[in-house]
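Undergrad: I would like to see how this sequence folds:
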Amino acid sequence: MESIPLRNPFPGAVSFLLASTDSTQKDARRLAEAASLGGDPPAPGGGFPVGSLVAAETQTAGRGRIPERRWESEAGKNLLFTVFLGPGPASLPGLPLRIGTALCGAVALYADKAGARFDRPPRLKWPNDLMLGDRKAAGILCESGPSGVFAGIGLNCNQVEFPPWLDAKATSLAAELGREVSRWDLLELFLGALAESLRDVEWRGKAEGMLWKKGERATFLPGSASPGPAAGRRVLMGRPVGLDGEGSLLFLEDGAESAVAHASGELRAGETS
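TA: Numbering: from 1, shown residues only. Sure, this is the predicted structure:
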């Protein structure tokens, strides 16, 4: 584990890089919990303040919001990291969306600074994916522990080839921009955007402005936290129209007079298959 010399807007934050790990979420939890107990953290830095992060060149057990889906990443090509946010953000409405808008904004700003452009701007697929067109470029996983909230992020930066089962679903910044991406410059931009987003009272409007498929034909599979009986859930056809104050998706089903707020579920493009 080595230190990464990053400009980080969070006071006292430290950043570590591992050549390989099973999960940066587990590593960040271990460091934060050791620091909260007053023990010696298993890495230099003397603690793990809010805004500190653990990154890895490769993960052997990366995962997404849906447990059975693994995060596939070519070693040394992408950004794989977990940021420790402390206990405060646990009560913030729309936390994954706040992080997602920060990531979308940082990606767009990076492209602008590099003099490059996306054919289609980064969009936030509710509740936690970054999309370029209809392909996924990043995923966000928020989890809570005794010491606070951890945000794990996988962002495809310089990987341009994907396994056959992901080839039509995944993309990367390099593939879309036609040039290599400086991962650590982009990470610095994200940390700055994240610090602002966590205190932004206008987060909802910004997230709605970046919402993937807003107002367009889409399908939605409600999750267990959505209204109605948990058993026998059916795929809804309609349009995502916005977000409520807690960050739930407002989905207008075909034939309905008003949109329904869903706290969990999966949004998909187009018709069902």
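Undergrad: Name the nearest residue to G215, ignoring sequence neighbours.
TA: Counting by C-beta to C-beta, 6 or more residues apart in numbering, R239 is the residue found nearest to G215 once chain neighbours are left out, at 5.8 Å. In this view, the C-beta of every residue, glycine as well, is placed from N, C-alpha and C.
Undergrad: For the helix or strand hosting that neighbour, which strands pair with it and how are they oriented?
TA: With secondary structure defined by DSSP states H and E, R239 is part of strand 236-243. Based on DSSP bridges, the strands next to strand 236-243 in the sheet, each with its direction, are strand 218-222 (antiparallel), strand 249-253 (antiparallel).
Undergrad: list the buried ones in that strand?
TA: Along strand 236-243, the positions that meet the burial threshold by neighbour count (16 or more other C-beta atoms under 10 Å) are 236-240, 242-243.
Undergrad: swap in stretch 89-98?
TA: In stretch 89-98, counting by 16+ other C-beta under 10 Å, buried: 89, 92, 94-98.
Undergrad: cool, stretch 108-116 as well?
TA: Under the neighbour-count criterion of 16+ other C-beta under 10 Å, stretch 108-116 has 108, 110-111, 114 buried.
Undergrad: Any stretches of the stretch 101-250 of the chain with poor pLDDT?
TA: In the prediction, the stretch 101-250 of the chain carries residues with pLDDT under 70 at positions 225-233.
Undergrad: rerun at 50
TA: Low-confidence regions of the stretch 101-250 of the chain, defined here as pLDDT under 50, cover residues 231.
Undergrad: What residues are bridge-paired with the residue nearest to G215?
TA: Under the criterion DSSP bridges, R239 forms beta bridges with L252.
Undergrad: And the furthest pair within the buried residues of stretch 89-98?
TA: By the measure C-beta to C-beta, P89 and L97 form the most distant pair in those, at 12.0 Å.
Undergrad: can I get the strands paired with strand 236-243 in TSV with distance to D200 and mean neighbour count?
TA: Converted to TSV, the strands paired with strand 236-243 look like this (distance: least, C-beta to C-beta, whole Å; neighbours: other C-beta atoms under 10 Å):
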stretch	distance to D200	mean neighbour count
strand 218-222	26	20
strand 249-253	19	20
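Undergrad: Turn these into TSV, including distance to R183.
TA: As requested, the strands paired with strand 236-243 are exported to TSV (distance: least, C-beta to C-beta, whole Å):
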stretch	distance to R183
strand 218-222	32
strand 249-253	31
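Undergrad: Nearest approach to K206 belongs to which of those strands?
TA: Each of those was scored for nearness to K206 using C-beta to C-beta, and the closest is strand 249-253 (15.6 Å).
Undergrad: Determine how far the closest one lies from the middle of the whole chain.
TA: The offset between the C-alpha centroid of strand 249-253 and the centroid of the whole chain comes to 22 Å, using C-alpha atoms, centre = their mean, to the nearest Å.
Undergrad: Name the residues that touch it?
TA: Counting by C-beta atoms under 8 Å, 6 or more residues apart in numbering, the neighbours of strand 249-253 from elsewhere in the structure are 126-127, 220, 236-244, 258-262, 265, 267.
Undergrad: if we can go back for a sec, and the buried residues of strand 236-243, which two are furthest apart?
TA: In terms of C-beta to C-beta, those reach their longest pairwise distance at M237 and L243, which sit 19.8 Å apart.
Undergrad: Spell out the secondary structure type for V107.
TA: The three-state label for V107, taken from DSSP: H, G, I helix; E, B strand; the rest coil, comes out as helix.
Undergrad: Contacts for stretch 17-29, please.
TA: Surrounding stretch 17-29, the residues in contact under the criterion C-beta under 8 Å, 6+ apart are 1-4, 16, 48, 52-63, 75, 80-84, 141, 143, 145, 147, 150, 152.
Undergrad: pLDDT on it, on average?
TA: Here the mean pLDDT over stretch 17-29 is 95, rounded to a whole number.
Undergrad: Just the CA trace of stretch 92-111, in CSV.
TA: What follows is the C-alpha trace of stretch 92-111 in CSV, where atoms were taken according to Å, rounded to 0.1, in the frame of the first residue of the first chain:
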residue,chain,number,x,y,z
LEU,A,92,-28.4,13.2,3.4
PRO,A,93,-31.3,12.7,1.0
GLY,A,94,-30.2,11.3,-2.4
LEU,A,95,-26.7,10.4,-1.4
PRO,A,96,-25.9,8.1,-4.4
LEU,A,97,-27.3,10.7,-6.7
ARG,A,98,-25.2,13.5,-5.2
ILE,A,99,-22.1,11.3,-5.7
GLY,A,100,-23.3,10.5,-9.3
THR,A,101,-23.8,14.1,-10.2
ALA,A,102,-20.3,14.8,-8.9
LEU,A,103,-18.9,12.0,-11.0
CYS,A,104,-20.8,13.1,-14.2
GLY,A,105,-19.7,16.7,-13.6
ALA,A,106,-16.0,15.7,-13.1
VAL,A,107,-16.0,13.5,-16.2
ALA,A,108,-17.5,16.4,-18.3
LEU,A,109,-15.1,18.9,-16.9
TYR,A,110,-12.1,16.6,-17.5
ALA,A,111,-13.1,16.2,-21.2
